[in-house]
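S.K.: Can you look at this prediction? I've put the sequence above it.
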Amino acid sequence: PGDLKDAMWIHARECKRVATSLKNPNFRYAADRIFGMDSKTEGQIYQINQAYLTARAAVYDDVYPPRPEILNDIEKGSHDVPPGEPDVAQHEQANTNTLLTDGVTLHDGALTHEILDDQFAKARASNEALDRSPKSNPFSHDLAGVCERSIKRDLASGKIDEKTADSRRMSLKLFSFLTSVQLVTEVEQHHLAIFIKAMKTLPKNFNRSIHDRRKTLASVLAEARLLPDDKLGRDPGTMNRHLETVGALISYARVQERIPVDPDIDTSQLRVIETKRARYKRESFQRDEVVTLFRHHIWHGCKNETRRQEHGNLVLKDGLFWVPLIVHYTGARLEEIAGIPASAVMEHGKDWGFDIRPHEERRLKNLQSERLLPVHEHLIELGLIEHRDRIIAGNEEFLFPELRPKSSKLPFHKAMKYNWDKARFMQLGAAAEGLTMHSMRHYVNITLKGNKAVEKSVRLDILGHAAVDLNEEVYTAGASFGEKLEAINSIPRAF
């Protein structure tokens, strides 16, 4: 065990050295001396790394003389396929019996997300007919093709939007990456178990960098071994969501496309147990923290448009100013407010309301998320209606046009994230670590729940939650605008 531990430590260290070789000045100097240029081709980088590893191996041979019994064992097992690695012979055999989507080819070596991106892009570009007889014109078996066909069907029927489609692709690519399975007909129960175990060992920040797209599973796991435990894994909800997506695709392949998949696959047996009750998953702001937060310069005077964290005389009433305040006074979800159209701030008699509805660039969580939320009197005093009028007069579609993302894949609140995060930590210090904009939603829920004059049904309507009891949900009329306005105006002022 001691020798194995040492060998694994050395292997992980050397993998990291090779993966970051060009960041090392000695590597760069050697490469410049040999090739005489600053820009290196992949082949030249490979040669430099190969020379380095050869030299290092020679040093280790001197320090740790080769042990014949270990070398013999390695030679005997050299033809075995390690767990989680692709079986080339299996793929070669599968290629002769398997239908593949036009343009898609199975990869025999170690998979990367870059390779999987290419597979899914080609499957997406395929223009095959979806409504056909699986008996006379069977569907292809590659995971990329099955996934893309399911997405095309659901997009056409309005069941999902592009963001949900991208989420489905991400789950299936991750499954292929961690299990090396590329055909839906190859998926067995143990592959799903491997999938769950592997997700627990991945670095938490994996796939956030474009460079991660080129890494193999072996290199990712080598890097993971150098990280502390708190930097690894996924939360149970995320792992279960990925698992359910894979299970749903297998069911789709079996039922909709009549592909001969394993009928005994059961994802319910592999669900990861939640370690926290739902109420403890996210923290809530406390009243004193809310007061401290809204003392920040953003709401009382900053230096200028680009220096929002410094004291000054400028109160810039943009998305960064309004969105946290509106969430504080409504308990709405962050994206519901960050992406709200200007026309959705509408008159209701003598009062005003936020008409929360889905639109082409922003979906809602569920049906009960559609609701009319009264505007708190403090927001009106601060000039929200005047802001709305200026935006409409300028022919802008959204209430906070500067938050509109350049890509449909990005959320509206992305543009304010940096300054929002910085303001939280500046005001609250270490206490801000577990507090997000969603924590403000929890604060509103707790505040309304503590107000005995606010009925439960009114609170649920404000938050966009369905009633727990079926009788309440189906047979009880929704809260009136006046009831919701009274409840919302009871929320203490931020400043």
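M.R.: All right, it came through fine. Residues are numbered from 1 along each chain as shown.
S.K.: Please state the offset of whichever helix or strand residue 118 is part of from the chain centre?
M.R.: In the assignment (DSSP states H and E), residue 118 maps to helix 113-125. From the chain centre to the centre of helix 113-125 is a distance of 19 Å (CA atoms, centre = their mean, to the nearest Å).
S.K.: mean confidence for that helix?
M.R.: Summarised as a single mean, pLDDT over helix 113-125 is 96.
S.K.: Same check on stretch 130-147?
M.R.: Per-residue pLDDT values over stretch 130-147 give a mean of 94.
S.K.: Need the residues that contact that stretch.
M.R.: By CB atoms under 8 Å, 6 or more residues apart in numbering, the residues outside stretch 130-147 that reach it are 98-101, 104, 106, 116, 119-120, 122-123, 126, 129, 149, 152-153, 168-169, 172, 175-176, 181-185, 249, 252-253, 257-259. The C-beta positions use only the backbone N, C-alpha and C, and glycine is treated the same way.
S.K.: Give the buried subset of the residues you listed as a PyMOL selection command.
M.R.: The buried subset of those, as determined by 16 or more other CB atoms under 10 Å, is captured in PyMOL by this line:
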select buried, resi 98+100+101+104+106+116+119+120+122+123+126+149+152+168+169+172+175+176+181+182+183+184+185+249+252+253+257+259
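S.K.: Strands along the chain, start to end?
M.R.: Ranges of strands in the chain, per DSSP state E, are 302-304, 307-311, 345-348, 351-356, 371-374.
S.K.: Where does pLDDT dip in the chain?
M.R.: The chain contains residues with pLDDT under 70 at 1-7, 9-10, 16-31, 33-46, 56, 59-97, 275-282, 359-369, 465-477.
S.K.: So for it, the centremost residue is which one?
M.R.: Centrality entry for the chain: nearest residue to the mean C-alpha point is residue 167, 7.5 Å, by CA atoms, centre = their mean.
S.K.: Tell me which residues touch the closest residue to that residue other than its chain neighbours, please.
M.R.: Excluding its sequence neighbours, the residue lying closest to residue 167 (CB to CB, 6 or more residues apart in numbering) is residue 245, at 7.6 Å. Residue 245 sits next to 167-168, 171-172 when contact means CB under 8 Å, 6+ apart.
S.K.: can we see that at 10 Å?
M.R.: For residue 245, the contacting residues are 147, 167-172, 174-175, 267, by CB atoms under 10 Å, 6 or more residues apart in numbering.
S.K.: now for those, which pair is the farthest apart?
M.R.: The span of these, defined through CB to CB, is set by 169 and 267 at 18.5 Å.
S.K.: And stretch 348-361, what's buried?
M.R.: Buried-residue list, stretch 348-361, by 16+ other CB under 10 Å: 352-354, 356, 361.
S.K.: What of stretch 100-115?
M.R.: Buried residues in stretch 100-115, counted by 16+ other CB under 10 Å: 100-101, 104, 106-107, 110-113, 115.
S.K.: of all the residues you listed, which two lie farthest apart?
M.R.: Largest separation among the buried residues of stretch 100-115 by CB to CB: 101 and 110, giving 21.7 Å.
S.K.: coming back round to it: any chance of the buried residues of stretch 348-361 in CSV with distance to residue 159 as columns?
M.R.: Listed next are those as CSV, based on distance: CB to CB, whole Å:
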residue, distance to residue 159
352, 34
353, 29
354, 27
356, 21
361, 18
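S.K.: In helices only, show me the contacts of residue 245.
M.R.: Among the contacts of residue 245, DSSP state H puts 147, 167-172, 174-175 in helices.
S.K.: ok so, going back, of the contacts of residue 245, which is the nearest to residue 157?
M.R.: For these, the nearest to residue 157 is residue 168 (14.4 Å; CB to CB).
S.K.: can you pull the contacts of that closest one?
M.R.: The contact partners of residue 168, taken as CB under 10 Å, 6+ apart, are 147-148, 150-151, 154, 160, 245-246, 248-249.
S.K.: Quick check: the gap between it and residue 255.
M.R.: Distance of residue 168 to residue 255, given as CB to CB, to the nearest Å: 17 Å.
S.K.: Kindly report the same for residue 292.
M.R.: 54 Å.
S.K.: if we can go back for a sec, generate JSON lines for the strands of the chain, with distance to residue 436 as supplementary columns.
M.R.: Below are the strands of the chain laid out as JSON lines (distance: least, CB to CB, whole Å):
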{"stretch": "strand 302-304", "distance to residue 436": "22"}
{"stretch": "strand 307-311", "distance to residue 436": "19"}
{"stretch": "strand 345-348", "distance to residue 436": "24"}
{"stretch": "strand 351-356", "distance to residue 436": "20"}
{"stretch": "strand 371-374", "distance to residue 436": "20"}
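S.K.: Out of those strands, flag the one nearest residue 8.
M.R.: When the strands of the chain are compared by CB to CB, strand 307-311 sits nearest residue 8, at 44.6 Å.
S.K.: What residues of the closest one count as buried?
M.R.: Buried residues in strand 307-311 (16+ other CB under 10 Å): residue 308.
S.K.: How about stretch 309-323?
M.R.: In stretch 309-323, counting by 16+ other CB under 10 Å, buried: 317-323.
S.K.: Then stretch 155-170?
M.R.: Going by 16+ other CB under 10 Å, stretch 155-170 has these buried residues: 160-161, 165, 168-169.
S.K.: For residue 335, state which of those residues is nearest.
M.R.: residue 161 (12.8 Å).
S.K.: Against residue 171, how distant is the closest one?
M.R.: Taking CB to CB, one finds residue 161 at 16 Å from residue 171.
S.K.: What of residue 424?
M.R.: As judged by CB to CB, residue 424 and residue 171 stand 31 Å apart.
S.K.: can you check residue 289 too?
M.R.: Taken as CB to CB, the span from residue 289 to residue 171 is 36 Å.
S.K.: Could you do residue 303 as well?
M.R.: For residue 303, the distance to residue 171 equals 44 Å [CB to CB].
S.K.: Ok, residue 142 next?
M.R.: With the distance defined as CB to CB, residue 142 ends up 16 Å from residue 171.
S.K.: out of those two, which sits in the more crowded spot?
M.R.: Each of residue 142 and residue 171 has its neighbours counted (other CB atoms under 10 Å); residue 142 has more, 26 against 20.
S.K.: Quick check: the more buried one vs residue 102, distance?
M.R.: Residue 142 is 10 Å from residue 102, by CB to CB.
S.K.: Need the residues touching each of the two.
M.R.: Common neighbours of residue 142 and residue 102 (CB under 10 Å, 6+ apart) are 122-123.
S.K.: Now for residue 231, how many residues are close by?
M.R.: Close neighbours of residue 231, defined as other CB under 10 Å, add up to 11.
S.K.: Nearest residue to it in space, please, no chain neighbours.
M.R.: residue 204 is the one closest to residue 231 (CB to CB, 6+ apart), at 5.6 Å.
S.K.: next one: phi and psi at the one you found?
M.R.: Backbone torsions of residue 204, given as degrees, to the nearest 10, read phi -60, psi -30.
S.K.: hang on, isn't it packed against residue 223?
M.R.: No - contact criterion CB atoms under 10 Å: residue 204 and residue 223 do not qualify, at 12.0 Å.
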